[in-house]
Every structure is written in C-alpha cells, then in structure tokens.
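**Student:** give me a 3D structure for the following:
(4 chains)
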There are 2 protein chains.
Amino acid sequence: MPETPARQIADDLRARIQSGDLAPGTRLPGEPALVQRYGVAKQTAANALKLLISEGLASARPGSGTYVREFRLIRRSATRRLSRTLWASGNSVWAADVEDRPLEVDRVHVREAPSPSWVAEALSLPEKEPVIVRSRRYVVDGEPVQLATSYLPGSLARGTRMAEPDTGPGGTYARLAELGAEPVDFVEEVRARMPDRDEAETLSLAPGTPVIEILRVAFTVEDKPVEVNRMLLDAGSYVLDYRFSG
Amino acid sequence: MPETPARQIADDLRARIQSGDLAPGTRLPGEPALVQRYGVAKQTAANALKLLISEGLASARPGSGTYVREFRLIRRSATRRLSRTLWASGNSVWAADVEDRPLEVDRVHVREAPSPSWVAEALSLPEKEPVIVRSRRYVVDGEPVQLATSYLPGSLARGTRMAEPDTGPGGTYARLAELGAEPVDFVEEVRARMPDRDEAETLSLAPGTPVIEILRVAFTVEDKPVEVNRMLLDAGSYVLDYRFSG
DNA sequence: TAGTGGTCTAGACCACGTG
DNA sequence: ACGTGGTCTAGACCACTAT
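**Tutor:** Below is the predicted model of the structure:
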C-alpha cells in the first residue's frame, strides 16, 4: 500500500487522536491549516480528513470544522432478564453507558399493508396476506440512533391497540400476551453494512458510519411466529450483547 | 441534500443495479465512459463510482474496472447445537449458504504474553498476568473473511497443546474440557465499525466495507472465565444468528 | 463578513491488470 | 501497449456557520 501524502497526513492526525493529544470533541486542523503545514493542495488536505471520517474517527460540520468523534455507546442486551441473575457485571469489555438512558420514540407510523414476501415467509403467512406495520424512530439525547419496523399478522393485531400508534402499557408484547400469543422465543439475524442515502439522512449518520441491521422473529410457546421486527442501528452508538449456553 | 452531478450518476447506476439490469459481477461503465455520457470531469465520474463503493454496492479493481459486488453470505450460528432441534428451517430472512463451507485456517500464530488490561479484566486475572495468545485467519474460497485472536490463562494452557499451533482433535475447547474447564456459557459483545488500514489489508476488504467485531468470553459451569476470543469479520460476508428465550 | 467544508473542472502522472 | 482506477495540483464557486 503506497504512502500517499493524504495518508501521511491522516496517519499523523490519527496518532494524535489515539494518543489523546486531540481529545474527543476537539476541532481538527482545517483544510487551509493542513495546506500550509504540509504544502499540499486543498483537495489533498480534504482527502486526508475524509480518510479519518471514513474510519469513524472524525466527523465534519460544514461551515464550522472537522471534529474528533465522541462515542457514547448504548448497550443493547438481547437477553436482559436472564443476564441479571446469571452474570456478574464488570465483565464488559467495551465502555458503555450502563444506566438505561430512555429511548424517546419519534415518527410513529402504523398502517395495514400486504406482507412483503420475506415477512410472509418469516411469519408463515400466505404471500401478500395483510399485516400491521408499525414503524418508529428512537432518539437519545436528541440524536436518532435506531429505526424499527414491526410486522404483525393482520388477523391477530387488527382492531386491537397494536394497530394504533399508542399500544398501551407494556407495549405490543403485553397485548400479544393478552391474546394468548406471548412471545417467548426469539431469533435474531444480524448484519452490518453501509447505509443508503435515505437511511443515513434519517439517522443523521456521519459519512463513514455503518449501520447494524437486525431482523428478529418472535415465537410463542407453540413455536408460532407472531412478530417480525426489522431494526436499523447507528453502529457508532451501539454494542450488542448476547448471552447463551453451548 | 443537494443533487450534485456525482450523486445523479450514482443514482442512475444504483437504479440499474437494483433493477437487475447490471447483475452482480458485471463491469460498470468506467470513468471515461461516464465522462463521455454525462459530460463531467474525470474526478466527478470517479466520485460517483466511489459513492457506490462506499455503499457496498460496487468494488473497484485497479487496472481492470469497477464491478457490481457479489455477496456470498456465511451464516454464523452462535447457538448451533440448540438451534438444530428447536427451530424449523425456512425462517431465515437473508439468503445465505446453508451448508457449512469449510473455513480454511491461515496465519496461525501462538505466543505467550502479558495480558492486555481488557483481557485481564474479562478473565478475572491480575493485570499483566501471562496469557497464551492464539491468532489465526479464516479463509473461504480463497477469500479471507475473519481474523480471530484467543486469550487463555497461562496457568491453564501453558505446556498443553493449546500453546501449540495445532491444538489437536476438537480444538481448544476439547482440551479445556479434558482439564475440567469445559466452556458452557458464553457472552458475546458485538460492534460494527470501519476497519483501519491494517485490518482492511489483512482481510482484503473492499473500501467501504465495514467489519463486525465480536468479543466472546467463555465460562465454565462454575462461572469461571476460561477464554476470551476477539473476532473481526468481513461484514459483507457474514450474517450472525442468535436464538434465545426471553 | 470571514472562514469552513463540499464539490466541481481541467490537466497530469502513476501502478497495475489485461490482451 | 493500452486502458483502468488512484491520486495529485491549481483554481473556482457554493452553502453554511460563526462572529
């Protein structure tokens, strides 16, 4: 891999970031400063900063400057209830806010629609069978961090509070339980990828930030699938936590 | 978000990719072709292609062309043994190779070293206590897809086959079991982020491909931590699979 | 109003894969 | 040898932020 000028500049800045010389939140030297300091063209200075941004180390604010990125990781425990009793704390390897910072909910939309084929398959429904589609956005400290869309069988959820924006105390799962369809087993499929433009905008993602996509299917005791939930997480904001026995 | 020429070109190509007009593996129009077709500068054409690359939709081969990316997802089931009996197949939402394509192992290095602080904490060892460090790379179809580094307490693994490149039949876990320290419970912490330059090179990652970082701690029946495993996965190659009860 | 990042044009050289 | 992407310089305009 050749050592281009842009990479050299990025290396310098990266070292200063990782040594703590440039603390999180600090403003990095701007393009003009780098042009001066290294004797390169403006584009090259810009490329150096873009490298750091694409590594998730920095974030640009047009009109203001480029800043060392701050991470406030949210820990998402898939098996919270189990974890409380089984595991001592202190075995967490990444720093993360332990207290549950409340997730404010935003942009709630509920509608009934034919099920997409992958939803139909996951819910063992006939193709295009109507489902209740619930989508919302989660916001922490004013920063959007997650999009989620749930799909519930229309035959089950239609006419209940699950088909309204406010599902009532305990949420969707409590309503399902009241109908004798309490979710007790879960399958999650996890991927990571780059967001498309829409997703990046809705999540206010800094360029170079990946997203984590989680598809969860919830099953009743009778192994009947009753909910599919597609979540899109700002990867810079989350650590996922899974605990299981082999 | 302004509609710049580069974005316009990217939008056109993206639409043709998603419609199937440009199939996976196809060569995209090159920079000169885009300059001709859209009447823009070479840099702008390059920027358009870079946009697609950063979305993970395309991948550049210098000297040859830019190609529509092909995905061959590997399914990694964290709780394989449980899953076999509990769950019917066919509820998988993302396509993935079901058969276990064998992971060839590569670049095996074993050494003894003072434990990094986060390893010491996870293993409940005194700071700098020696640990056996086992690192290796996994390759599928000639493509590197995963890096892994395990840390084992020196007092447990020293002098055993766990301290040699070849750990013998059943691997590390079988050796631990023979010592009465069979791992039965697991905690995994999952993050996604952009790779640094070294990581991108070792995994032959296309620019714009994120990595998934997994930190796994394995516990015995007595809840004693006996192994820490740090894995780095090519996010474009993997789907993670978790199953649990709530 | 001055400074910032974002993007564009125009032209150049390089390393590399392919025929 | 030719075409490819990768990167650089030099100069320009824009939209936005900060003061």
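**Student:** now do the helices in chain A.
**Tutor:** Per DSSP state H, chain A has helices spanning A:5-18, A:31-38, A:42-54, A:80-86, A:117-123, A:154-157, A:171-178, A:197-202. These are given in chain order.
**Student:** what about the longest one, near DNA strand D?
**Tutor:** Yes. Helix A:5-18 lies in contact with DNA strand D when judged by C-beta under 7 Å from any atom of the strand; the contacting residues are A:Pro5, A:Ala6, A:Arg7. C-beta coordinates here come from the backbone N, C-alpha and C atoms, glycine included.
**Student:** any figure for the gap between A:Glu112 and A:Val131?
**Tutor:** As for A:Glu112, its distance to A:Val131 is 7 Å (criterion: C-beta to C-beta, to the nearest Å).
**Student:** meant to ask about A:Thr66, not that
**Tutor:** Distance of A:Thr66 to A:Val131, computed by C-beta to C-beta: 44 Å.
**Student:** these two: which has the busier surroundings?
**Tutor:** For A:Thr66 versus A:Val131, the count of surrounding residues by other C-beta atoms under 10 Å in any protein chain shown is larger for A:Val131: 27 against 23.
**Student:** would you confirm that A:Thr172 contacts A:Ser150?
**Tutor:** Yes. Contact criterion C-beta atoms under 8 Å: A:Thr172 and A:Ser150 qualify, at 6.7 Å.
**Student:** which neighbours do those two share?
**Tutor:** A:Arg134, A:Glu227 (C-beta atoms under 8 Å, 6 or more residues apart in numbering or on different chains).
**Student:** returning to that earlier point: got the residues of helix A:5-18 next to DNA strand D as TSV, with neighbour count, pLDDT and distance to chain B columns?
**Tutor:** Output for the residues of helix A:5-18 next to DNA strand D, formatted as TSV (neighbours: other C-beta atoms under 10 Å in any protein chain shown; pLDDT from 0 to 100; distance: C-beta to the nearest C-beta, whole Å):
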residue	neighbour count	pLDDT	distance to chain B
A:Pro5	16	92	15
A:Ala6	20	93	12
A:Arg7	16	92	8
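**Student:** what subset of those residues is also close to DNA strand C?
**Tutor:** With C-beta under 7 Å from any atom of the strand as the criterion, no member of the residues of helix A:5-18 next to DNA strand D is in contact with DNA strand C.
**Student:** from chain B, how far out is A:Gly63?
**Tutor:** Relative to chain B, A:Gly63 is positioned 14 Å away (C-beta to the nearest C-beta, to the nearest Å).
**Student:** equivalent analysis for A:Thr4, please.
**Tutor:** 12 Å.
**Student:** run a quick neighbour tally on that residue.
**Tutor:** Taking other C-beta under 10 Å as the neighbour definition, A:Thr4 ends up with a count of 13.
**Student:** what pairs with A:Pro144 across the strands?
**Tutor:** For A:Pro144, the beta-bridge partners are A:Val139 (DSSP bridges).
**Student:** run a quick neighbour tally on it.
**Tutor:** 19.
**Student:** what's the answer for A:Leu34, then?
**Tutor:** Burial measure for A:Leu34: 23 neighbouring residues, criterion other C-beta under 10 Å.
**Student:** wait, what's in contact with it?
**Tutor:** When contacts are counted by C-beta under 8 Å, 6+ apart, A:Leu34 is found next to A:Ile9, A:Val40, A:Ala45, A:Ala48, A:Leu49.
**Student:** need the per-residue pLDDT for it.
**Tutor:** At A:Leu34, the predicted lDDT confidence score is 94.
**Student:** what does A:Ser237 give?
**Tutor:** A:Ser237 is assigned a pLDDT of 86 by the prediction.
**Student:** distance-wise, check the spatially closest residue to it that is not a sequence neighbour relative to A:Leu215.
**Tutor:** The spatial neighbour of A:Ser237 that comes closest, neighbours along the chain excluded (C-beta to C-beta, 6 or more residues apart in numbering or on different chains), is A:Val145 at 4.6 Å. Applying C-beta to C-beta, the value for A:Val145 to A:Leu215 is 18 Å.
**Student:** this completes my enquiry, with thanks.
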